[in-house]
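1. sequence and predicted structure below; questions after.
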Amino acid sequence: MSQKLSQNYFEMGEGGLLPPAGVATASHPASAREIEPGSLLWTYAGDRRMAFTGLSAGILQLLHPAIGAGVVDHSDFFNDPWDRIIRSIPQIMGVVYRLDAETLGHRVRDRHARIEGVDQRGRPYRALDPETFWWAHATFQHAVEQVVDRFDDHRLSPLEREELYRDGIEWYRRYGVSMSPVPATYGEFRAKWQDQLESALELTPAAERTIDMALHTRAKKLPFLPAWTRPFQPRVVNPVLRLAAIGGLPPVVRHRFAIPWRADEELEYRILQLAVRKVWRRMPATRRYGPVARAGFQARHERRSPQADPGQTGQGAAESS
């Protein structure tokens, strides 16, 4: 993506990307809503700093009994725990950024239709159960907000939090599933979120495995990192992943499931947040985003540019990502 394109779509400030100036009025959760460059969700969901908050979001997903059981029963999770993440994230981000976002969202939904069974306690589960599907999405909603709160210099106002949440409702609506579990306001979302943390989550085998990996694994071939990083992964990358995965969990979750976390680790995690914030403000805008988000910017630039080559569509770039 060219520097000219980044100037067209990124409003830069001292701390990085700035949120849109206006705040939309409330609407019914099921009503369609534009998510375009300048919106809060667009600004932060495809940001590469989601790598820091997405790890704890993944643990929160697997602590849900139905999701934890589905991952074990319908994937090769214990032999290849990273495969699900590598396959899923581009699709989930595409539901925010692609021109055919709603069509993609429906495909994601349909792929979950066959995921059902009985969990370790003999309870039936279905991936498309409304509350189950909503929880998976809610963890991503939380992860995006945590990017801002922990790793960005911008501080969200109460109105901006509501705005970001309403963007997230549209993100969820694009899957074409029941809207019945979706809280109408950010305040209601936070109340439901806290209730889930305190009462609905369980230490599933999948979650236990993931937490153990975060606490003890010294991986040398993390598949989402380039090969040149392998010599540094055990002593440099793995400790950072541990801080992000365990430190990013809500304290109530660490307490409920006796996940160890010391005061010195909390200090290290806060130092990591500060370091990322200082580095990120100096990063070129075009380097801050993953391939799906960059393709989304490109697609909209080409759609709006009268000189765009009609045979070179941005959607093609999105498909290749």
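-> Great, that's in hand.

2. low-confidence stretches in the stretch 201-321 of the chain?
-> 218-220, 222-225, 305-321 (pLDDT under 70).

3. residue boundaries of the helices in it?
-> 205-216, 238-247, 251-256, 263-280, 291-304, 314-320 (DSSP state H, counting those that start in this stretch).

4. Lys221: how many residues sit nearby?
-> 10 (other Cβ atoms under 10 Å). (C-beta placed from N, C-alpha, C; glycine too.)

5. what's the closest of the helices of the stretch 201-321 of the chain to Glu145?
-> Glu145 lies closest to helix 263-280 among the helices of the stretch 201-321 of the chain, at 14.1 Å (Cβ to Cβ).

6. the closest one to helix 238-247, inter-axis angle?
-> Per axes from the mean of the first three to the mean of the last three Cα atoms, to 10 degrees, the angle that helix 263-280 makes with helix 238-247 is 110 degrees.

7. by contact count, what packs against helix 263-280?
-> helix 130-151, helix 238-247 (3 or more Cβ pairs under 8 Å, 6 or more residues apart in numbering; DSSP states H and E).

8. can you give me how far the shortest one is from the chain middle?
-> Distance of helix 238-247 from the chain centroid (Cα atoms, centre = their mean, to the nearest Å) equals 16 Å.

9. quick one, what contacts Glu202?
-> Shown in contact with Glu202 (Cβ atoms under 8 Å, 6 or more residues apart in numbering): 63-65, 68.

10. what is the most widely separated pair among these?
-> Leu63 and Pro65 (8.2 Å).

11. so the two - more neighbours on which side?
-> Leu63 (27 against 21).

12. give me the most central residue, the chain.
-> Centroid-nearest residue in the chain, with Cα atoms, centre = their mean: Phe140, separated by 3.9 Å.

13. that older thread, let's have the helices and strands packed on helix 263-280 in TSV, adding distance to Pro284.
-> Formatted as TSV, those follow (distance: least, Cβ to Cβ, whole Å):
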stretch	distance to Pro284
helix 130-151	17
helix 238-247	22
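
14. so how far is Gly70 from the residue nearest to the centre of the chain?
-> Distance, Phe140 to Gly70, by Cβ to Cβ, to the nearest Å: 17 Å.

15. Ile259 too?
-> 22 Å.

16. quick one: which of those two has more around it?
-> Each of Ile259 and Gly70 has its neighbours counted (other Cβ under 10 Å); Gly70 has more, 25 against 17.

17. hang on, isn't the more buried one packed against Asp129?
-> No. Applying Cβ atoms under 8 Å, one finds Gly70 not in contact with Asp129, separated by 10.2 Å.

18. please enumerate the strands of the stretch 51-200 of the chain.
-> 116-118, 124-126 (DSSP state E, counting those that start in this stretch).

19. now these in CSV, with mean neighbour count and distance to Gly46?
-> Below are those laid out as CSV (neighbours: other Cβ atoms under 10 Å; distance: least, Cβ to Cβ, whole Å):
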stretch, mean neighbour count, distance to Gly46
strand 116-118, 15, 31
strand 124-126, 15, 29
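
20. among those, which is nearest Leu55?
-> That would be strand 124-126 among those, by Cβ to Cβ, at 23.7 Å.

21. just to revisit the earlier point, any shared contact partners between Leu63 and Pro65?
-> 201-202, 204.

22. JSON lines for the residues you listed, including distance to His154?
-> Shown next, in JSON lines, are the shared contacts of Leu63 and Pro65 (distance: Cβ to Cβ, whole Å):
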{"residue": "Leu201", "distance to His154": "30"}
{"residue": "Glu202", "distance to His154": "35"}
{"residue": "Thr204", "distance to His154": "35"}
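
23. quick check: the residue nearest to the centre of the chain touching Ser56?
-> No. Judged on Cβ under 8 Å, Phe140 makes no contact with Ser56 at a distance of 11.5 Å.

24. give me the nearest residue to Gly176, chain neighbours excluded.
-> Computed as Cβ to Cβ, 6 or more residues apart in numbering, the closest residue to Gly176 that is not its neighbour in sequence is His106, at 4.7 Å.

25. I'd say the one you found and Val177 touch.
-> No. In this structure His106 lies outside contact range of Val177 using Cβ under 8 Å: 9.2 Å.

26. the two - which one has more neighbours?
-> Val177 (21 against 16).

27. what ranges do the helices span in the stretch 51-200 of the chain?
-> 65-74, 83-97, 101-111, 130-151, 158-173, 186-195.

28. just so I know, which of the ones you listed lies nearest Arg281?
-> helix 130-151 (10.9 Å).
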